[in-house]
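Asker: sharing a sequence plus its predicted fold:
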Amino acid sequence: MSTDNRPWVEKYRPRLLGDVVNQKGIIRRLQQFIKDKSMPHLIFAGPAGTGKTTSALAMVRGLYGRKMAINTTFLELNASDARGINVIRTYVKDFAKAKPPSDIPFKILILDEADNMTAPAQQALRRTMEKYTKNCRMVLICNYSNKIIPPIQSRCVVFRFSSLNKDDIKERVKFIANQEQMSLTPDGLVALADVSKGDCRRAINYLQSCSTISKKIDQDIVFRVAGEVPSDKIREILKTAIEGQLQFSLKLLNDIIGEYGLSGINIIKNIHREIYDLQISEDLKIELSKLLAESEYRLSQGGTEEIQLQALLANIVMLHEIK
Ligand SMILES: Nc1ncnc2c1ncn2[C@@H]1O[C@H](COP(=O)(O)OP(=O)(O)O)[C@@H](O)[C@H]1O
Ligand SMILES: [Mg+2]
């Protein structure tokens, strides 16, 4: 293994646009900006861990290569640390106002989590954007573009990033595991793609956590790290409760709590994930989801985990008649 001990999400952040997976249409258009040595203001919108920041940085690199120096050619700011209007009025404005070095046509400001900015801060940003367009182009990164005020939206070209599909996540995870000389069993790979839910950052972080447990990663390790319980175990608990075997389902519940070290809320989320795929009547699913909602609420209000979880199973047993 290398001595580079950066978090893997940084270590394996693609440096070139061509290495960003999944967002093909977007990447092609960004590559065109690089060819043209010109770009409009941009909004990158989409879920976490899909390559927005990566693409923005790769584009700066594509445009400026070795000239890529923080503060003179580009600046990356997180708007949620700096969401106040003062930062926009001073720091951001100063950056945008100062002329770019003579060897580049314009500077680039990457503003992460721009949808967390207050409306007045966004208004101030809009004015800076307008006034210093010649000096500075902006890339605003957000989860939801509708939280960006319309006058900014209309000045930007919006790119919508989509969640990565499972195959893309698997490819990326396999590549990293290989580089780190880890082995992934086929079920471990499937589990990683499942628990990361289209978020590549999450997949890589889970992989790194798994690596501290073992060099050989299987489904069991992945679920443990992700705080999720394999479907068949949760289904077994539900099935025995629905069939009226309270004692047995309580024992199974205690086993998984011990084995996976999960909190009550976490257990409820795991059960919730499973109920819609169970082979039971719609009526029973509705009743189950009501019970889960109630338990979740009680736990959030400080109910004792053990008592609430036992009550939940007892209530499921009492649904017996609806079946
Ligand atoms: N489309 C992608 N292709 C390759 N790696 C990706 C992609 N999206 C995310 N990643 C990985 O996940 C990490 C986080 O990605 P990032 O671009 O910061 O996501 P966000 O969309 O939240 O800004 C990156 O370091 C990279 O390793
Ligand atoms: Mg980001």
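Answerer: Yes, it's here. Ligands and ions are numbered 1, 2, ... in the order given.

Asker: buried ones in stretch 71-89?
Answerer: Neighbour-count burial for stretch 71-89, counted by 16 or more other C-beta atoms under 10 Å, picks out 73, 74, 75, 76, 77, 79, 82, 83, 85, 87, 88, 89. The C-beta positions use only the backbone N, C-alpha and C, and glycine is treated the same way.

Asker: one more: stretch 92-101?
Answerer: Judged by neighbour count (16+ other C-beta under 10 Å), stretch 92-101 contains these buried residues: 92, 93, 95, 96, 100.

Asker: likewise for stretch 121-135?
Answerer: For stretch 121-135, a neighbour-count test (16+ other C-beta under 10 Å) marks 121, 122, 124, 125, 126, 128, 129, 132 as buried.

Asker: in the stretch 1-150 of the chain, where is pLDDT below threshold?
Answerer: Across the stretch 1-150 of the chain, the ranges flagged by pLDDT under 70 are 1-3, 82-84.

Asker: tell me the one among the buried residues of stretch 92-101 nearest to ligand 1.
Answerer: Nearest to ligand 1 among these: residue 92, at 19.4 Å, using C-beta to the nearest ligand atom.

Asker: for the residue lying closest to the closest one once chain neighbours are set aside, helix, strand, or coil?
Answerer: Once flanking residues are discounted, residue 92 sits nearest to residue 128: 6.1 Å by C-beta to C-beta, 6 or more residues apart in numbering. Three-state call for residue 128 (DSSP: H, G, I helix; E, B strand; the rest coil): helix.

Asker: ok, residue 128 touching residue 88?
Answerer: Yes. Between residue 128 and residue 88 there is a contact under C-beta atoms under 8 Å: 6.9 Å.

Asker: redo the buried residues of stretch 92-101 as TSV? Include secondary structure and distance to ligand 1.
Answerer: Converted to TSV, the buried residues of stretch 92-101 look like this (DSSP: H, G, I helix; E, B strand; the rest coil; distance: C-beta to the nearest ligand atom, whole Å):
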residue	secondary structure	distance to ligand 1
92	helix	19
93	helix	25
95	helix	21
96	helix	22
100	coil	25
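
Asker: where do the strands sit along the stretch 201-323 of the chain?
Answerer: Applying DSSP state E, counting those that start in this stretch to the stretch 201-323 of the chain gives strands spanning 216-217.

Asker: what parts of the stretch 201-323 of the chain come near ligand 1?
Answerer: Within the stretch 201-323 of the chain, the positions adjacent to ligand 1 are 201, 204 by C-beta under 6 Å from any ligand atom.

Asker: can you list the low-confidence ranges for the stretch 201-323 of the chain?
Answerer: In the stretch 201-323 of the chain, residues with pLDDT under 70: 321-323.

Asker: which residue, other than its chain neighbours, is closest to the residue of it found nearest ligand 1?
Answerer: Nearest residue of the stretch 201-323 of the chain to ligand 1: residue 201, at 3.8 Å (C-beta to the nearest ligand atom). Excluding the flanking residues, the one nearest residue 201 by C-beta to C-beta, 6+ apart is residue 49, at 3.4 Å.

Asker: please look at the one you found and residue 199 and confirm they touch.
Answerer: Yes. Between residue 49 and residue 199 there is a contact at 3.5 Å, judged by C-beta under 8 Å.

Asker: OK, contacts around the residue nearest to residue 92?
Answerer: By C-beta atoms under 8 Å, 6 or more residues apart in numbering, the residues touching residue 128 are 88, 92, 93, 96, 97.

Asker: neighbour-wise, which of residue 49 and residue 199 wins?
Answerer: Neighbours were counted for residue 49 and for residue 199 using other C-beta atoms under 10 Å; residue 49 has more, 23 against 18.

Asker: what comes up buried for the top helix by length along the chain?
Answerer: Counting residues, the longest helix in the chain under DSSP state H turns out to be helix 282-300. Neighbour-count burial for helix 282-300 flags 284, 287, 288, 291, 292, 295, 296, 298, 299 (criterion: 16+ other C-beta under 10 Å).

Asker: equivalent analysis for stretch 135-142, please.
Answerer: Quick answer for stretch 135-142 (16+ other C-beta under 10 Å): 136, 137, 138, 139, 140, 141, 142.

Asker: got those residues as CSV, with secondary structure and distance to residue 225 columns?
Answerer: Listed next are those as CSV, based on DSSP: H, G, I helix; E, B strand; the rest coil; distance: C-beta to C-beta, whole Å:
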residue, secondary structure, distance to residue 225
136, strand, 42
137, strand, 40
138, strand, 37
139, strand, 33
140, strand, 33
141, strand, 28
142, strand, 29
